[in-house]
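> any chance you could fold what I've pasted below:
(2 chains)
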2 protein chains.
Amino acid sequence: MTDRTPVVVGVGMTPFASNRDDCNVRDVAIEAVLACMHDAELENFKALEHGLTSYESDHFNRQMTLGALLHDHIGLTPLPNVRVEGGGATGALALRTAWAYVKSGLCDSILVYGCETNGRSISSRTANQLFALSADVDWEMMVGGTYTAFYAAMIRAHMKKYGTREEQFAHVAVRNRANAKHNPMAQKPMDITIDDVMQSRPIAEPYKLFDCSLLSDGAAVILLSTEEWARQHSPKFSQRPKVVYTATGCGTDTMRLGDRYPHITNFAAKREAARQAYAMAGITNPLEEIDVAELYDSYSGVEIQAVEDLGFVNEGDGGAAITDGTFDRNGQLPVNTSGGLLGRGAPVGATGIAQAIEVVQQLWENVTPERQVKNAQRGLTDTHAGIGTICVVNIFERRD
Amino acid sequence: MTDRTPVVVGVGMTPFASNRDDCNVRDVAIEAVLACMHDAELENFKALEHGLTSYESDHFNRQMTLGALLHDHIGLTPLPNVRVEGGGATGALALRTAWAYVKSGLCDSILVYGCETNGRSISSRTANQLFALSADVDWEMMVGGTYTAFYAAMIRAHMKKYGTREEQFAHVAVRNRANAKHNPMAQKPMDITIDDVMQSRPIAEPYKLFDCSLLSDGAAVILLSTEEWARQHSPKFSQRPKVVYTATGCGTDTMRLGDRYPHITNFAAKREAARQAYAMAGITNPLEEIDVAELYDSYSGVEIQAVEDLGFVNEGDGGAAITDGTFDRNGQLPVNTSGGLLGRGAPVGATGIAQAIEVVQQLWENVTPERQVKNAQRGLTDTHAGIGTICVVNIFERRD
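So this is what the prediction gives:
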């Protein structure tokens, strides 16, 4: 039997922006799909077998069954469609589900399109109210719980237990925005200093304005298929390195942070997701065996927690590893070369897909020279919902 | 390699009701999960490998990431979770996705739980407003489009083209409510006559009150796994007929009915879904080869359209086949023995799963004697979103 593990046929995305006021959610989806078709040099759009829609909430567009609507708008009827959701992890769960659809034989090709208009449709005040709906409405929202506060409590616990310092996570805020300068799709490329971060307005201490990621409009699309389908329908496939989607892991944790107390310094579900993905990919030493990674830097300190939970460094060593440059563009394991959520942006349903696009493009050696990682063979994406309530780790490998 | 096609390990559901005011969406989910665990006689809850949440919209509970919340509330952390959605087809898409998760090897067992509180949380006026959000908000809602009106236009076209009569679909309204009398989980068992239906209040002509299905609170759960996992963890599995989830098909159509004009008598996407499922199951003569079916009778006339689109009878012959008793409890192919959406009820995210439960229980010969179909070997579920915008056909087979 031939191996049905999906390969990446094509990728496409829109620039991410705080306000794509020239277009609505349908338009960004179409824009990214066309970019993906163009990238794959797909000879026959009608050869596609399945669509998969990735977006977070009906609330953002006041539209239910947006999956079916976009599927139609893109021109994918009568093909099958399904919509997948899991908060911030939506895009990564969409890919994971597409993995299963192809691997199981339900289809040979599947177009995974994620989109959101989090920036455009909502003011930052409304955004906070809406995102508060993704915490436990009955038990957290009533006490004014917001994500920034929950994340702040987590990094505070990390600081207390491990001596992690604000300057350390400020390094993430600076580096990821600097990386974004070399990504033409990035929302907020910036030249800032540690001092700029430290002096920026407090949001939920110790997190300050520059420690916080962005609200974005945008879309990201990946076409996955069996290798056989790719060879048959995409001339481009044979002209660049073969990238296989080799592994996927997913873990979950309690909805409420309080239910994890006192274990709130790190993301247990991320460890579980990584454990599964590493087992699938045969990875035993992640820092050595992974060459490029996109981490879920919803807040700067989360990257410190992530490099620990993903097993790149030991728990408590994240802060030092961040500042010693291990994860910088020229370090041992460059992370968030795209700019991450802090610099590239995060339209929720598109985020996990955009992370995968960065990793795949790195493996294809197809990014701007300034951010190109050399000889990358294996890339990882780390995406999560809520406060690590659902964590997904996906792994892509170059197989020349 | 062993066959990874999923088998059914256990099923559970709550009674469906117009207002479960004793409990919220979390409670109905738990109630159905416990019923499923009890049914499977699962020896070790911790043997479960994956959860999958099925619900339609954040709007009903004003809660985002309800999938993660319920997964936690049920006690499934740290297991992986994913939420699947596709309007009215949500539950059936959830099962289809679970099929792919098991078949692909991502997990050996998966608990698929669907729930909704459509009845309880909303008045019928609000319900109409909310459900209007599942039509195209930019282009249909503004002109007052509601589903009842769209369905009415479709059956009117069917009446005009094929001479279908109101009395014929009234037969569906009467029969399904009568079937519901033998289902202790049903929301609205009723003894009514054709005349009662004909005399009931017009909603969107030709549809009258009794032609319309219900808004419901409730939950439905199915545990799927590989056969090996089932034998290892559920003593019950070997004690009743083996039921395999053999096939699944999905088709889509335009979001707006107007875009299909003049082809609005039937559901093209349902034909596509059936075509795929029949090919997978090796079915060439569905009326002969299927023994029991749950059809998506969101409105009475939809059942007439469905028996045509599923290939049970030729297009245009549905009305006559319905009234000659072919699909009655003692007919050639009994449909909606559960009572259907008209009699059993339809909490959206649970509906497709409840349909599968009825079919599986029929194959297990585990329903009340009055509604038990004799010697059923193969059952089908037909579920759709919108006006057949996403259609899913799932097939379950007894393999003694």
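> CA only for contacts and neighbour counts going forward, please
Noted.
> in the stretch 51-200 of chain A, which spans are strands?
In the stretch 51-200 of chain A, the strands defined using DSSP state E, counting those that start in this stretch lie at A:51-54, A:81-85, A:109-117.
> sheet-wise, list the partners of the first one with their directions.
So that's strand A:51-54. With DSSP bridges as the test, strand A:51-54 is paired with strand A:81-85 (parallel), strand A:109-117 (parallel).
> contact partners of it?
With contact meaning Cα atoms under 8 Å, 6 or more residues apart in numbering or on different chains, strand A:51-54 is reached by A:67, A:70-71, A:76, A:79-85, A:90-91, A:94, A:98, A:110-115, A:349-350.
> ok, now which ones touch residue A:102?
Residues in contact with residue A:102 (Cα under 8 Å, 6+ apart) are A:4, A:5, A:6, A:108, A:109, A:110, A:224, A:225, A:226.
> for the stretch 101-250 of chain A, give me the ranges with low pLDDT.
Counting by pLDDT under 70, the stretch 101-250 of chain A contains low-confidence residues at A:120-125.
> get me the contact residues on it for chain B.
Residues of the stretch 101-250 of chain A that fall close to chain B, judged by Cα under 8 Å from any Cα of the partner chain: A:101, A:103-106, A:131, A:133-137, A:249-250.
> what's the burial count for residue A:233?
Neighbour count for residue A:233, taken as other Cα atoms under 10 Å in any protein chain shown: 18.
> in this structure it contacts residue A:43, no?
Yes. Using Cα atoms under 8 Å, residue A:233 is in contact with residue A:43, at 6.1 Å.
> still on that earlier bit, mind putting the strands paired with strand A:51-54 into TSV with mean neighbour count?
Listed next are the strands paired with strand A:51-54 as TSV, based on neighbours: other Cα atoms under 10 Å in any protein chain shown:
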stretch	mean neighbour count
strand A:81-85	30
strand A:109-117	30
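> residue B:327 is nearest to which of those strands?
Nearest of these to residue B:327, taken as Cα to Cα: strand A:81-85 at 29.7 Å.
> just checking, residue A:293 touches residue A:380?
Yes. With contact defined as Cα under 8 Å, residue A:293 reaches residue A:380; the gap is 4.6 Å.
> residues contacting residue A:272?
Counting by Cα under 8 Å, 6+ apart, residue A:272 makes contact with A:249, A:250, A:251, A:252, B:78.
> which residues does the fourth one form beta bridges with?
Partner residues in beta bridges with residue A:252: residue A:390, with DSSP bridges as the criterion.
> so it sits against residue B:73, correct?
No. Contact criterion Cα under 8 Å: residue A:252 and residue B:73 do not qualify, at 11.8 Å.
> more neighbours, those two?
residue A:252 (29 against 16).
> that one and residue A:315: what is the separation?
19 Å (Cα to Cα, to the nearest Å).
> check residue A:110 too.
The gap separating residue A:110 from residue A:315 is 38 Å, by Cα to Cα.
> list the contacts of the most centrally placed residue in chain A.
Taking Cα atoms, centre = their mean, the centroid of chain A lies closest to residue A:352, which sits 2.9 Å from it. Each residue near residue A:352 by Cα under 8 Å, 6+ apart is listed here: A:89, A:90, A:91, A:92, A:93, A:381, A:382, A:383.
> and those residues, which two are the farthest apart?
Pairwise distances across those (Cα to Cα) peak at 12.8 Å, for the pair A:90 and A:381.
> which ones among the contacts of residue A:352 also lie next to chain B?
The residues of the contacts of residue A:352 that also fall near chain B, by Cα under 8 Å from any Cα, are residue A:93.
> reformat the contacts of residue A:352 as JSON lines; add pLDDT and neighbour count.
As requested, those are exported to JSON lines (pLDDT from 0 to 100; neighbours: other Cα atoms under 10 Å in any protein chain shown):
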{"residue": "A:89", "pLDDT": "98", "neighbour count": "33"}
{"residue": "A:90", "pLDDT": "98", "neighbour count": "33"}
{"residue": "A:91", "pLDDT": "98", "neighbour count": "36"}
{"residue": "A:92", "pLDDT": "98", "neighbour count": "34"}
{"residue": "A:93", "pLDDT": "98", "neighbour count": "33"}
{"residue": "A:381", "pLDDT": "99", "neighbour count": "26"}
{"residue": "A:382", "pLDDT": "98", "neighbour count": "27"}
{"residue": "A:383", "pLDDT": "98", "neighbour count": "31"}
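> among the contacts of residue A:352, name the ones in helices.
When DSSP state H defines the helices, the subset of the contacts of residue A:352 inside them is A:90, A:91, A:92, A:93.
> between these, which sits nearest residue B:282?
Comparing the ones in helices among the contacts of residue A:352 against residue B:282 with Cα to Cα places residue A:93 closest, at 31.7 Å.
> the closest one against residue A:83, yeah?
No. Taking contacts as Cα under 8 Å, residue A:93 lies outside contact range of residue A:83: 10.3 Å.
> pLDDT of stretch A:386-400, averaged?
Taken as a whole, stretch A:386-400 has an average pLDDT of 97.
> how about that stretch: buried residues?
Within stretch A:386-400, the residues that qualify as buried are A:386-398, counting by 16 or more other Cα atoms under 10 Å in any protein chain shown.
> any idea how far apart the tips of stretch A:325-338 sit?
Across stretch A:325-338, the terminal residues are separated by 17 Å (Cα to Cα).
> just stretch A:61-80 next, same as before
End-to-end distance for stretch A:61-80: 23 Å, by Cα to Cα.
> quick one: buried residues of that stretch?
Using 16+ other Cα under 10 Å as the test for burial, stretch A:61-80 gives A:61, A:63-74, A:76-80.
> what of stretch A:142-160?
A:145-148, A:150-159.
> which parts of the stretch 301-400 of chain A are helices?
Counting by DSSP state H, counting those that start in this stretch, the stretch 301-400 of chain A has helices at residues A:318-323, A:340-343, A:348-364.
> before we move on, the earlier item: also near chain B: which of the buried residues of stretch A:61-80, exactly?
Counting by Cα under 8 Å from any Cα, A:63, A:64, A:65, A:66, A:67, A:68, A:69, A:72, A:77, A:78, A:79, A:80 from the buried residues of stretch A:61-80 sit close to chain B.
> now intersect the residues you listed with the helices, please.
A:66, A:67, A:68, A:69, A:72.
> so what's the residue lying closest to the fourth one once chain neighbours are set aside up against?
Spelled out, that is residue A:69. Excluding its sequence neighbours, the residue lying closest to residue A:69 (Cα to Cα, 6 or more residues apart in numbering or on different chains) is residue B:255, at 5.7 Å. By Cα under 8 Å, 6+ apart, residue B:255 lies in contact with A:68, A:69, A:72, B:135, B:136, B:386, B:387, B:389.
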